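J.: next come a sequence and a model predicted from it.
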Amino acid sequence: MSKINVTVWNEFIHEKKEEAITKIYPQGIHGAIAQILRSEETMQVRTATLDMPDHGLSNEVLNSTDVLIWWGHIAHEKVSDVVAERVKQRVLAGMGLIVLHSGHLSKPFVKLMGTCCRSKWRENDEKERIWIIEPSHPISRNLPEYIDLPQEETYGERFDIPTPDELVFISWFSGGEVFRSGCCYKRGLGKIFYFRPGHEAYPTFYRKDIIQILKNAIEWAKPSNGPTPSFGYFDALENISNKYEDADESVKKHENLYKLEDV
């Protein structure tokens, strides 16, 4: 069985500049996620960061990526428009995209959503409870009824995104807010999953239940390998000229019949 090729992308800025975050993610958020996913026999995992040529997302890399995981926060505008469009086009062509936490403001996600994708937020070490509201969805596989995160950054509605094709999770925060935290979309041939948790100041991505969600999402978002659609002018598969001729003959017969009945 062929493996799922996963690329984990991260700005990799907080972890290099802030000591407290370096202690949590010494190899970067991308490194932590990749290391855990590499334990899966079904996945081939590599990483890419903002400071690499083409942000690590060359045509060659993207063309060989089945699912791209994206974490971004303070450097959305530093992402090249060319690379952002490249990611968008690969999603439309069938690549899966998993957008984490503040990646909802990333250029690829905004391009694919067509809205500003902003929300309310605050940092106050509040509890987040993630309710699994679609337990039969593939991304909900092997999860409990809800997941409690003792500390996370708080997001709140209105979250300016298109209505999800499928809403799998809703989060509640101890300050009273709710948030659509597990959103599924289809764009072109590709699938997109937005997953809210993952603020850099908390060790969220070391949790088994959060990693289980990522694993499930990768399986869900991987390319389906269905037929490639064609667009524009195309020739008929059948010999339609003879059908038109047959239709003309049928009309003439009916016309002659009406003439005989009128006599």
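T.: Looks like it arrived, so ask away.
J.: from residue 30, how far off is residue 15?
T.: Distance of residue 15 to residue 30, given as Cβ to Cβ, to the nearest Å: 9 Å. Placement of C-beta: from N, CA and C, glycine included.
J.: oops, could you answer that again for residue 120 instead?
T.: Separation of residue 120 from residue 30 (Cβ to Cβ): 27 Å.
J.: who has more neighbours, those two?
T.: residue 30 (26 against 12; other Cβ atoms under 10 Å).
J.: in what helix or strand does the more buried one lie?
T.: Taking DSSP states H and E as the definition, residue 30 sits inside helix 28-37.
J.: what's in contact with the following helix or strand past that helix?
T.: Using DSSP H and E, the helix or strand that follows helix 28-37 in sequence is strand 43-49. Contact partners of strand 43-49, identified using Cβ atoms under 8 Å, 6 or more residues apart in numbering, comprise 3-12, 28, 30-31, 34, 37-38, 55-57, 61, 218.
J.: and those residues, which are buried?
T.: 4-12, 28, 30-31, 34, 37, 55-57, 61, 218 (16 or more other Cβ atoms under 10 Å).
J.: against residue 221, how distant is residue 4?
T.: Residue 4 sits at a distance of 9 Å from residue 221 (criterion: Cβ to Cβ).
J.: oops, could you answer that again for residue 194 instead?
T.: According to Cβ to Cβ, residue 194 and residue 221 sit 11 Å apart.
J.: before we move on, what about residue 8?
T.: 13 Å.
J.: can you pull the poorly scored residue ranges out of the stretch 151-263 of the chain?
T.: 242-263 (pLDDT under 70).
J.: which parts of it are strands?
T.: 166-173, 178-187, 190-195 (DSSP state E, counting those that start in this stretch).
J.: for the longest one, which outside residues touch it?
T.: By Cβ under 8 Å, 6+ apart, the residues outside strand 178-187 that reach it are 91-92, 112-113, 119, 130, 137, 139, 155-157, 159, 161-162, 164-173, 191-197, 213, 220.
J.: let's see it at 6 Å
T.: Applying Cβ atoms under 6 Å, 6 or more residues apart in numbering, the external contacts of strand 178-187 come out as 91, 112, 130, 155-156, 159, 164-169, 171-172, 192-196.
J.: stretch 101-118 too?
T.: Stretch 101-118 is contacted from outside by 70-73, 76, 79, 84, 87-88, 99, 160-162, 187, 198, using Cβ under 6 Å, 6+ apart.
J.: how long is that stretch from one end to the other?
T.: End-to-end span of stretch 101-118 (Cα to Cα, to the nearest Å): 12 Å.
J.: give the buried residues for that stretch.
T.: Quick answer for stretch 101-118 (16+ other Cβ under 10 Å): 101-113, 117.
J.: just give the nearest non-adjacent residue to residue 86, would you?
T.: Among residues not flanking residue 86 along the chain, residue 62 sits closest, at 6.1 Å (Cβ to Cβ, 6 or more residues apart in numbering).
J.: what about that neighbour, helix or strand, and which?
T.: Counting by DSSP H and E, residue 62 is found in helix 59-63.
J.: before we move on, what about residue 110?
T.: Assigned by DSSP H and E, residue 110 falls in helix 107-113.
J.: so what strands line up beside the longest strand anywhere in the chain?
T.: Using DSSP state E, we find that the single longest strand of the chain is strand 120-132. With DSSP bridges as the test, strand 120-132 is paired with strand 146-156 (antiparallel), strand 166-173 (antiparallel).
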